[in-house]
Structures are given as C-alpha cells and as structure tokens.
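**Student:** okay, predicted coordinates and the sequence, questions at the end:
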Amino acid sequence: MKSRLLSVTLAGALATSVLGCGKSPESAQAPAAPVETASNRQYLLERVDDAAVVQIYADGFSGLPLKEKTLIWHLTQAALAGRDIFYDQVSARGLEMRDVLEAIVTHPEGVEPATLAEIQRYTKLFWINNGPYHDLTARKFVLACTPDAFRAAAAASAKAGAQFPVVAGESIDSLITRLQPMFFDPEVAPFNTTKTPPKGQDLLSASFNNLYSGVTSTEAKSFTSARYGLNSRLVKQNGELTEEVYRVGGRYDAQIKEIARHLEAAKPFATEPMARALDALIKWYQTGEASDRLAYDIAWVADRESPVDTINGFTETYIDPLGIKGSWEALVFYVNAGKTAGIKKLAADAQWFEDRMPWDPKYRKAGVKGITANAIDVLIETGDAGPTTPIGINLPNDQIVREQHGSKSVSLSNVLESYNRSESAATRQEFSWTPEEAARTEKWGSFAGEMTTNMHEVIGHASGQIAARLKGKPENFIKEYFAALEEGRADLVGLYFIADQKVVDLGLVAAADHADVVRAEYEGYTRNALVQLRRIRQGSQIEEDHMRNRQMIVHWLMASTKAIEKRERDGKTFYVMVDPAAFREGVGRLLAEVQRIKAEGDFAAAKKLFDTHGIHFDPKLRDQVLTRIKATNPPSYTGFVMPKLQPVFGASGAVTDVTITYPKNLTTQMLEYSSATRESRAAFLAAERTRKP
Ligand SMILES: [Zn+2]
C-alpha cells in the first residue's frame, strides 16, 4: 500500500494524514560533500500545466561504502530495465506513442516552432504520467495541435534522421494515422481505469488499460482456472480466456530477462538476507508461479537490517478496477540513518509517552511498543512508482504474509523534503494572518510536520487500552466514525507531545527552537483546516476520514478554547492560532474524550463529535478558498527528476566508485531512460506485432 501526496501546496496539510509511517525530525544530518545546501539549491525545475517538475536529492549517497554504492547501481539498472513494462500496462499503444514523441523531440530540426512547443508540453506530461492518462483523474489528455501539424512535424523529424516505430511496410504517415485517435480524440479510450463506468458499460470494457484484452468483468470473475494473479494479463482469444504470464519466456520476456540479469549482478554486493530475497525475486521472475511470489514476499520481509533495499516487481493493483493485476514498479533506496534514529528514539520511549497520555489512567496500556519504520532516501523510482511518487510505502500487500511474517514500512524522506522545498510561497502567504506566521511556516513547517507525523505513526496509533467488552474491535462499535476518530486520536497525540519538554530531552529539537516549532505546527494545523476545503469541489459535506478528523479537531478547539480565532480581512477569512498554551490544553482535553469514546465504544458521542465539528462546512467559504488558491496557481501533482548515478571502472574492469549528479532536467532524464531500454523495447514490440492479426 502507498501513501501519496497529491499537491505540493498541501504538503503540510496532508503530511500528518497520509504518510504511511513515521519520519523523524533530525535535521542535523550533514551533507556528505560541500555542495549546494538544502536552502540554496534548486528543487522546482519547471511547471507543465498543472504538474510541477521537482528534483530529488540524495545527500547521503556519496558517504556510503563502495559495496553499497555498487549494489545500488546494479539495482537501479534493474529498475530501469523494467520501466517500459508499466507504459505497456497503462496503455496498449503507450510505448509506440512514446517512441513517436521522442523521435520528434530529439529531432526538432524543421518542425514548426508552435507545434514543437505543444509536442514538448504533451511529451512531458506523457513522461510524468507514464502514458496518455492523467495520474490523478485517470482521464486521457490529448495533443492540442492539429493532426496535420503533428503529421508535418513527424515528416520533418524523419527528414532530420529520426527513427519511428513503424511496422514492416508501414509509412510514417500511416503510423501517425493509426495512432491519431489516441493522440487527439478524448473520446477514444477515455479512461485508463474507472471504478464507476457509465451506465450500461462494463468495468473492464470501460477501463482502457492493458491488463485485460477483450474480457468483461463478469468473464474475469467467473474465470475459475485463474492461476496467476498479480503477474499476468487476461486475454480472450478465439472465445477462450488465457493468462499471459509476465515471466522469462512469457510476456515482457525481454524486459524481465534484463531485470533478472541486473539483480543477479547485484547479489554479490548485498547482505546475506538481501541476497536471499534477490534470489527469490529472480526465481519468481523465472517461473511466474504464485508459490514463488509468496516465497519472495517472505524473504523480502525477513530482511530488516540491510542498509540498502529495493522494491521490484508487479506490486500494486490500483489501475485494475478489479484490483487483481499488479502494476510493475521499482524503487531503490538506502536507510537515512539520522532520521531513522529519531523514529527509533520515539519507539524506544513509547511507554514513557503512554504513561503520560492525558486520559484516564485506566485506558493506559502496559508494555506498549512503538511502531518502527525506516526513513529512506530513494535513488530511483520507475514504473508505477515514478516520476510521480508515493511518500510512504507499506508492503507486502499479501494479508497472509502480513499476519504471519509482518510487513516493512518506509517513509520517503528525500521525496518529502523535495515536496516541501518546492512549495509555493504565495499560497503560504495567502492564508497566513501575518508575515511572521508565513515565515515561521517556511522555516519550521516541514520540520514540525515530520515530528508530529512520526508521533502520529509511532506512538499515536500504538497507544491506549480499550474496554474488554469491545473484544479488541472498537471499529464494530464506532462504525462509520471509527477511521476518522482513530486518525484524530493519533493526530492529537502528536499535537500534544510536540509541546512536551521530552522532545527536547530526546534531542529531537533544540531547546532554543522549541517554542517556534510548536507555534508553527499549531498555526499550520489550524490554517490547513481552512485550506483543505479546496479538495471538496462539490456539496457541503466532507467524506474523507483524514479531512474529517482535522475539521473536527480545529473546530472543536475553536468552540471549546480561546486558542483559535476566525478573522476577516478584505473579504478573506483566516483561521488564526493565537495561544499555543490554550491550544495544547484543549488538545489534551479533547484527546482524553476521544480516547474515552474509543475505549468505551461510545457511538453516540462519536457521531455527535463529528456531526457537530467534523463533517459540514459552509460552501461559500470553500468557494472563497478555491478562488484564493487559484490566484496562487499551485500545481496539483508533481513529477520528480531522479539523481543520476554513474559507475567509475578501474583498470581491472571492477567498479571503483559510483558518482551521483542531479540532472535538473526532466527531458534529459526521460530520453536517457528510454534509450537505455531501446533493444528490449524493440524486441517486445516485434513480438507483439507477430501475434496481432
Ligand atoms: Zn494514521
């Protein structure tokens, strides 16, 4: 499972609510080399429509031992080798379309400038979304030039020497004609995936991804001889359903062989448990069998200590409306030791916090264990994991493995840092009552957000004891309010303890900064109850649980304390946090009540709390927020440019170092990635063509 951050602007607003696991606030991690610092370097590279393009940095890489650098290098090669698979899963025409676009972009000589600019815009969106569908809406986006202008551009590029993915006997002109509906017609294959198809249409037939071919959802569900879940495509051929298995010798043979080759090369540099996991993964790629997938999941979870790790395979099922087929993805990362140490400190002291929870002592737990997650820095994310990336990951998804062997959680530190650092100052200022408040958020917002997020995850959810008669299942009593109540409880734990001297004693924040950090967190939490209304375009009711919990907390504090004032200026509304001590006192009182509600399964009280404070809002206020947000023009999602690694070879041919640089250019990186897999892509497309009528 993944947590994603949908908008740069709301990084602060969402960090607490969507991060899958904890992060620590230790900012003392020194850069390994005297390079640019986090404060002066370039994060935001460009805007493409509603997408931001942002550079990711991995400062700790240069300081890693050679063995780990070499391991990472081989793993990133494996991550690149499978990148094309996901394009094909997203759309059956995805790879051909990308080849056409890249042919033109790399051979712009003679292309009419306005047409070229439009093709470049479209191509960047295509790269960011791994195909022609918007990552957030799943809706197809199209080229805004005319088909004739596009045709002329292709002809000019061909003249300049560009190679196009034509089939035997096909002219470039007929290739463009063949792909024209995909490039230009928004009504052709309009959705990549839809869970609510138009009336009368089938779930699968209305979803134009490439995980199924010619199959309806009824047929797929009644296909009882299915043997391969995540790693196969279900196809109807001559009236019969067959599974095309993703494995060596099966579908994506050329790509998977390359992945396996690089994983094999990585093994000598891995720790023993990691080498065992890599072996299991290679075996799964070879056989495709579910039993080997299970063995791999177990081996991967068993490796908890390796400083480097990878996720590589058919993993998440978000683009399959039936939730069965796995999208290919790969990530390579190392543990950010400084930040992980902060998380471990909280976990180690979980009982200290439990003993001081501001609720009735009978709800305090003995022997509480904090939840530990690794804070990591990613080096590469491909397939379903990049260029748009999650900020938290918890795997494996297999429920049986989770119950019997546990799971691993990571929070992507350097991704979150890039989100926060690329945030627009304009939006921050728009909703801050004073310039001092905006400055405090800029200075401390992400630091404080990380700290409360860690507490939310590590000591929040893990805390508290409930009445025995609930039999460990408070959700059966609190019902539809449970998720929001529990998220609220975990948020309140973070808000309560960030103001405690303990965080200074643990070395998580300097004594001199503590008051400012607390104030920035309380101000930001309050402000974001207003700003988050932008996410609800229709109606006057909030459904999403994380949003309900924030509304509930802020509006309860407004009604029950003097910590927050609602102010107006120039027709604009502001939520202003004015008294941190009153805020914390209120948080403690509310937390005691929320814990009581959970512990006693008090449905009526939960319902009243949310009905009064958490669900309803004034649509006029939302409209005002939308207008103000629109004026600051924040991106709605972000595509990340990864670091670039390069091995240095010694006289014997062995790797003597791996260097890291930052391309700061989406186009350069995407073209490099595509050229790295030219051969396996050609082999795959050729194989596809021979089997098509
Ligand atoms: Zn949570």
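**Tutor:** Arrived safely.
**Student:** okay, CA-based contacts and neighbour counts for the rest of this
**Tutor:** Will do.
**Student:** what distance do you get for the spatially most central residue of the chain to Y637?
**Tutor:** The C-alpha lying nearest the average C-alpha coordinate of the chain belongs to P390 (CA atoms, centre = their mean; 1.2 Å). To Y637, P390 is 11 Å away according to CA to CA, to the nearest Å.
**Student:** chain center to the strand or helix carrying K608: distance?
**Tutor:** Per DSSP states H and E: K608 is located in helix 603-613. Centroid displacement of helix 603-613 relative to its chain, using CA atoms, centre = their mean, to the nearest Å, is 32 Å.
**Student:** so what touches that helix?
**Tutor:** For helix 603-613, the external contacting residues (CA atoms under 8 Å, 6 or more residues apart in numbering) are 477-479, 481, 485, 548, 551-553, 555-556, 594, 597.
**Student:** just stretch 133-147 next, same as before
**Tutor:** Against stretch 133-147 from outside (CA under 8 Å, 6+ apart): 115, 118-119, 122, 126, 129, 132, 180, 182-186, 189-194.
**Student:** on that earlier part again, ok, the residue nearest to the centre of the chain touching S3?
**Tutor:** Yes. Between P390 and S3 there is a contact under CA atoms under 8 Å: 5.5 Å.
**Student:** buried subset of the contacts of helix 603-613 as a PyMOL selection?
**Tutor:** The PyMOL command for the buried members of the contacts of helix 603-613 (criterion: 16 or more other CA atoms under 10 Å) is given here:
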select buried, resi 477+478+481+485+548+551+552+553+555+556+594+597
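**Student:** how about the contacts of helix 603-613 in CSV, adding pLDDT and distance to F583?
**Tutor:** Shown next, in CSV, are the contacts of helix 603-613 (pLDDT from 0 to 100; distance: CA to CA, whole Å):
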residue, pLDDT, distance to F583
F477, 94, 29
I478, 93, 26
K479, 90, 29
Y481, 93, 24
L485, 96, 19
R548, 91, 19
Q551, 96, 15
M552, 97, 14
I553, 98, 11
H555, 98, 12
W556, 98, 11
V594, 98, 16
I597, 98, 21
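**Student:** farthest-apart pair in the contacts of helix 603-613, please.
**Tutor:** Largest separation among these by CA to CA: F477 and H555, giving 24.2 Å.
**Student:** how about stretch 261-274: buried residues?
**Tutor:** Quick answer for stretch 261-274 (16+ other CA under 10 Å): R261, H262, L263, E264, A265, A266, K267, F269, A270, T271, P273, M274.
**Student:** how close does the residue lying farthest from the centre of the chain sit to I176?
**Tutor:** If you look at how far each residue of the chain sits from its centre, by CA atoms, centre = their mean, the farthest one is G169, at 42.6 Å. From G169 across to I176, the span is 14 Å (CA to CA).
**Student:** mind picking the two most distant members of the buried residues of stretch 261-274?
**Tutor:** Using CA to CA, the pair of those lying farthest apart is R261 and P273, separated by 19.1 Å.
**Student:** quick revisit: in helices, which of the contacts of helix 603-613 appear?
**Tutor:** F477, I478, L485, R548, Q551, M552, I553, H555, W556, V594, I597 (DSSP state H).
**Student:** adding distance to K607, write these out as CSV.
**Tutor:** Listed next are the ones in helices among the contacts of helix 603-613 as CSV, based on distance: CA to CA, whole Å:
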residue, distance to K607
F477, 11
I478, 8
L485, 10
R548, 12
Q551, 14
M552, 11
I553, 14
H555, 15
W556, 14
V594, 12
I597, 10
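**Student:** ok, these vs R537, which is closest?
**Tutor:** Distances from R537 to the ones in helices among the contacts of helix 603-613, taken as CA to CA, are shortest for R548 (15.3 Å).
**Student:** isn't the closest one right next to G614, touching?
**Tutor:** Yes. Taking contacts as CA under 8 Å, R548 lies within contact range of G614: 4.8 Å.
**Student:** what residues are shared contacts of those two?
**Tutor:** Counting by CA under 8 Å, 6+ apart, the contacts common to R548 and G614 are I542.
**Student:** measure I597 to G614 for me?
**Tutor:** I597 is 15 Å from G614, by CA to CA.
**Student:** pull the contacting residues for I542.
**Tutor:** Counting by CA under 8 Å, 6+ apart, I542 has contacts I536, R548, G614, I615, H616, F617.
**Student:** in TSV: those, plus distance to A138.
**Tutor:** Shown next, in TSV, are these (distance: CA to CA, whole Å):
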residue	distance to A138
I536	18
R548	25
G614	29
I615	27
H616	28
F617	28
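**Student:** just the buried ones from those?
**Tutor:** Neighbour-count burial (16+ other CA under 10 Å) applied to the contacts of I542 gives I536, R548, G614, I615, H616, F617.
**Student:** got a pLDDT number for S413?
**Tutor:** In this model, S413 is scored at 91, pLDDT.
**Student:** how about the contacts made by it?
**Tutor:** K23, N336, A375, I376, D377, I391.
**Student:** with adjacent residues omitted, what lies nearest to the last one?
**Tutor:** With sequence-adjacent residues excluded and distances taken as CA to CA, 6 or more residues apart in numbering, I391 is closest to L412, at 5.0 Å.
**Student:** count of residues packed around the one you found?
**Tutor:** By the measure other CA atoms under 10 Å, the count of residues near L412 is 26.
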